[in-house]
Each structure stands twice: as structure tokens, then as C-alpha cells.
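Colleague: I'd like to go over a predicted model; first the sequence, then the structure.
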Amino acid sequence: MNLSKKLEHNITSINEQLCIKKSFDIIGRNISFGNTKGYLVFIDGFAKDDIMLWLLDNLQNLPYEETNITNLKKWIANHIGYIEIETFTDIDKLRDSVLSGAVALVIDGHNEGIIIDARTYPARGPQEPDLEKVTRGSRDGLVETIIFNTALIRRRIRDPKLIFEMKTVGKRSKTDVSIGYIDDLVDKNLLDNIHKKIDNIQVDSLVMAEKSLEELLIKKKWYNPMPQARFTERPDVVSAHLLEGHIAIIVDTSPSVLLLPTTFFHFTQHSEDYYQNPLVGTYIRWVRFLAILIAIVLSPLWLMFAKNPSYLPDFLKFIGPKEVGNIPLFVQFIILELGLDMLRIASIHTPNTLSTSLGIIGGLILSQFAVDVGWFIPETILYMAIVGICTFATPSIEFAMAIRLFRLLLLLLTGLFNLYGFIIGLIIVLTIIFTTKTFSKISYTWPLIPFNGKALSNVLFRKPIIEIKRNKNK
């Protein structure tokens, strides 16, 4: 619907679109300056008070002869000295802009209105993310306001080819979504694919922000827990991926950025590797690889050997259980797995002041007391503690959850079918990993399969930055 030159008609249409009389926080105000009448529309809480006071003061103190507007754009240039300003003719444009926080001004006698982007959002400071802490390095993290996040990234990449395109997703929520990339590094086919998929999304809202968007963009099998996109709250991580040709998708109201495309090995790396000496970073990375392997196979492997002591060589006989206990071993492991996940879930919902008490209670229940009453034997608690620590050593929470499910699958199959179950479980896990698709044409297991020696060496070893750059330029 287009604006009319009659102010009364425009006010009626705006009230119908925005329900100004019903919703207390949507403000519609009649104003006059000289012999010109206007109507100001904004949302209380979004508009900057100082800008609104300046605007009204400036307009109402104009000389009488300058309030006769013949050319709107020329009048704006001469009398509204604000940076972010544009004109519109469609009431739908007014509605969407006001609901996103801008201020709209409609003037009598003109079928063209003014949008002043004088919005401000409630925002917290850019604190270091809890999930991606480093011992050294920057302590700023992304926040829930999209413009702050783009500023944190652009502060690190002052490249004119760094582009942030803006789109809107959701019929009702009208959520701002920004697609960030470096123009001469990005895969244009991948970029076009992302544009088409986002444009074709038909949904009322992005309830869970970037997670909802990821599920709408990437079609995945329900039985595959492997993550196909990486999330991060660190602007330095986003910048590093952009410089490698990745695409960053930023959703307003969320501090997490969606990075595409990603492979299996992206979930095994962390910022800490690059904030340390190359040798130290390589050591940390190999410890992490070992932790991931242990987290998947240690408890099912021990269970298999415990059920089949003859498989163990003499020098490893000591790892077997000294006593079996009242509950079958694999059931003990399943109970411990569920208990650890319950403890983790409870810790999320527990206030910080009670978290220490929860840890003490959980430690007692899952350790000595449980052994004393005959639920568990010490060996099962020991190995579950080890795999629990190794799971938390995984840098990606999504990847860690996939490891948990794979381990649970291996435990069930090993407990039910012994050695054959363990082998079948490994085959299923490897099949899922090797058949997982990325968002692009790149294989999920690249650079291992298809093999790329230089790229794989960069994954396995934390090399000096200059050497990585040299390899890329070859």
C-alpha cells in the first residue's frame, strides 16, 4: 500500500498496520512545524531519546518560510542533518522499519515519507565467551546485537572487500540476518546457494536464532548427530574463517555466528592452538585428538575386554575388573552415561550460588556412595570419569554431543553382542562420519579423504603463520 498525499488517510492506514491504539509501546504523535503538519511513528525503548529531542527541536525551530516543502529530498538535505536517513513510499516499508526500531515521519501533502535510523538496542558488553576461553588472546566476544558484531569483525579485517549483506527472515519476526564474506576469497557458487536457500525460507520466525536458521538451511538425517556447521562466539575466530574463504551468517538477537562450509577437522581445532608457540600448539592439538579418540572408544573397549579377559595379553590383565558387582557391567556404564548427562543438564539449570553444592552431591552419588551400596564397581566409575574429561576436552559442544551418542551406541552394541557388536558399532560410526555431507562440494573428511597432504599437515600440526601463508600461495 502506497502513501497518500493526505495525512489523515496515512494516519488511518498506519494505525491499522501497527495497532498504535492497542499497543502501548508503539507511539504515534502529531507534530507541526510552521504551516506543515506531520506524523511521527516510533517504538518506545528503541528510539534514542537525545536524537528524538534534537529532531523535534530542529524541526519546530525552523524559519516559517523554510517549512513550505516543495522538494522533499532537498529539504531533508538542508534541514535534517542526521547520517542514517532514507525516504519511502510504501506503508509496508514504514511498518517493517518502525518494528525494527527506526523512526518514521510522514508529512502532509507528500506521498513520500522519511525513515530516520535512530534506533538503539539493549545490549551487554562484549565479554569473553564461556565456551571458548583462551589463556592468552582477546577477551571480547560477540553479543546479541548484529551491528555490534559486524563492527567487532570489521575491526579485525579492514578490507574493502569484506561485505555484510542484510536479509530478513520470518514472516512475523522479520529477523535481521547478515551474510558476511570477503568478495575475492569466497566461493561464489556457495554464496549463491546460501542466498537462494535463505530467500526461499518460509517460516513465521527464527525462534532459536542461528540454530533455527541452520536447520532450515541444512537438510540432515535424523540419525546423524555430526554437526555440519560451526558455531562460534569469538570475533577472532570468525575473522580467521572469513580470511580462509568461509561465509559467516550472523543472526540478530544471538551472540553465535554460523560458519559455512565446515569439515570434520574444523571441530578439532581451537583458538588456543594459535595463541601458543607452534610446538606447544601442536602438542595441545595432539592431546585433543587423543582425548577425542579416548572419549569415543575407551569405555566400550574396556567393556569388551572385561567380558573377554582372554583377549588381553598378560601384561594388561590388571585392567580387568576385580569384581563384577550386582549390576551387569554394560548396564553400569549406561546408568553412568545417563547420570553424567543428568548432572550436566542440572548444572545448566542450577543458579551459580548452588553450583558447588550440585558438584559435591553429584560427585558423591556417582562415586563412593554408589560403590558402597553395590551399584557400581570402581573400574566403571574410573573409566567413565576419564571419558567424561576427554569429552569436555572437545572444543565444539555440538561435536562433543555427537561423541556422547556414538559412545552410547558402542556401549549398547558391545554389551549386547560382545566383540561383534563393538566392530559393528565402529563400522556404523565410521560410515556416518564418512557419508556426512557438507554444505558445499567439499568432502566432510577433507583433507584426509580426498587426500591433500599439505592441508592435512596444517591440520595435524600447528605450523608458524608464515609457513601456512607460504603453502597457500604455492
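Modeller: Looks like it arrived, so ask away.
Colleague: helix or strand for the residue nearest to residue 258 when sequence neighbours are not counted, which one?
Modeller: Closest residue to residue 258 apart from its sequence neighbours, by C-beta to C-beta, 6 or more residues apart in numbering: residue 249 at 4.1 Å. C-beta: built from backbone N, CA, C; applies to glycine. When elements are assigned from DSSP states H and E, residue 249 belongs to strand 247-251.
Colleague: Who are the packing partners of the following helix or strand past that strand?
Modeller: Counting by DSSP H and E, the next helix or strand C-terminal to strand 247-251 is strand 257-260. Packing contacts for strand 257-260, counted by 3 or more C-beta pairs under 8 Å, 6 or more residues apart in numbering; DSSP states H and E, involve helix 210-217, strand 230-232, helix 235-243, strand 247-251.
Colleague: which helices and strands does the last one pack with?
Modeller: If I follow you right, that is strand 247-251. Under the contact definition 3+ C-beta pairs under 8 Å, 6+ apart, strand 247-251 sits against helix 146-156, strand 175-182, helix 188-199, helix 210-217, helix 235-243, strand 257-260.
Colleague: Mind listing the strands it pairs with, and their directions?
Modeller: Strand 247-251 sits in its sheet next to strand 175-182 (antiparallel), strand 257-260 (antiparallel), going by DSSP bridges.
Colleague: got JSON lines for those, with mean neighbour count and mean pLDDT too?
Modeller: Below are these laid out as JSON lines (neighbours: other C-beta atoms under 10 Å; pLDDT from 0 to 100):
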{"stretch": "strand 175-182", "mean neighbour count": "22", "mean pLDDT": "96"}
{"stretch": "strand 257-260", "mean neighbour count": "24", "mean pLDDT": "96"}
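Colleague: can you list those strands in JSON lines and add distance to residue 112?
Modeller: Rendered in JSON lines, the data for those read as follows (distance: least, C-beta to C-beta, whole Å):
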{"stretch": "strand 175-182", "distance to residue 112": "25"}
{"stretch": "strand 257-260", "distance to residue 112": "37"}
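Colleague: Report the inter-axis angle for the strand holding residue 249 versus helix 146-156.
Modeller: Inter-element angle recorded for strand 247-251 and helix 146-156: 150 degrees (by axes from the mean of the first three to the mean of the last three C-alpha atoms, to 10 degrees).
Colleague: Tell me which residues are up against strand 247-251.
Modeller: 146, 149-150, 153, 164, 175-181, 186, 190-191, 194, 206, 209-210, 213, 238, 241-242, 257-261 (C-beta atoms under 8 Å, 6 or more residues apart in numbering).
Colleague: Ok, stretch 104-112 next?
Modeller: 2-7, 10-11, 14, 36-42, 69, 72, 87-89, 94, 97-98, 113-116.
Colleague: ok so, going back, the helices and strands packed on strand 247-251: which one's closest to residue 315?
Modeller: Among these, helix 235-243 comes nearest to residue 315, with 44.1 Å by C-beta to C-beta.
Colleague: helices or strands next to the closest one in the packing?
Modeller: If you count contacts as 3+ C-beta pairs under 8 Å, 6+ apart, helix 235-243 packs onto helix 146-156, strand 175-182, strand 247-251, strand 257-260, helix 271-274.
Colleague: In TSV: the ones you listed, plus distance to residue 317.
Modeller: Below are the helices and strands packed on helix 235-243 laid out as TSV (distance: least, C-beta to C-beta, whole Å):
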stretch	distance to residue 317
helix 146-156	55
strand 175-182	57
strand 247-251	53
strand 257-260	47
helix 271-274	38
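Colleague: May I have the predicted confidence score for the spatially closest residue to residue 312 that is not a sequence neighbour?
Modeller: Nearest non-adjacent residue to residue 312, counting by C-beta to C-beta, 6+ apart: residue 305, 5.3 Å away. Looking at residue 305, its pLDDT stands at 91.
Colleague: Just the strands from this protein, written as ranges.
Modeller: 26-33, 36-43, 85-88, 103-107, 113-116, 162-169, 175-182, 230-232, 247-251, 257-260 (DSSP state E).
Colleague: Quick one: closest of those to residue 417.
Modeller: Of all the strands of the chain, the one in closest proximity to residue 417, counting by C-beta to C-beta, is strand 230-232 (34.9 Å).
Colleague: For that closest one, what does the pLDDT average out to?
Modeller: What strand 230-232 shows for mean pLDDT is 95.
Colleague: can you check stretch 442-461 too?
Modeller: Mean predicted lDDT for stretch 442-461 stands at 90.
Colleague: before we move on, what about stretch 337-351?
Modeller: On average, the pLDDT along stretch 337-351 is 83.
Colleague: Got the confidence number for the residue of the chain most remote from its centre?
Modeller: Largest separation from the mean C-alpha position in the chain: residue 65, at 53.8 Å (C-alpha atoms, centre = their mean). On pLDDT, residue 65 comes in at 79.
Colleague: same thing with residue 53?
Modeller: We have a pLDDT of 86 for residue 53.
Colleague: next one: residue 312
Modeller: Here the pLDDT value assigned to residue 312 is 82.
Colleague: Thank you kindly, that will do.
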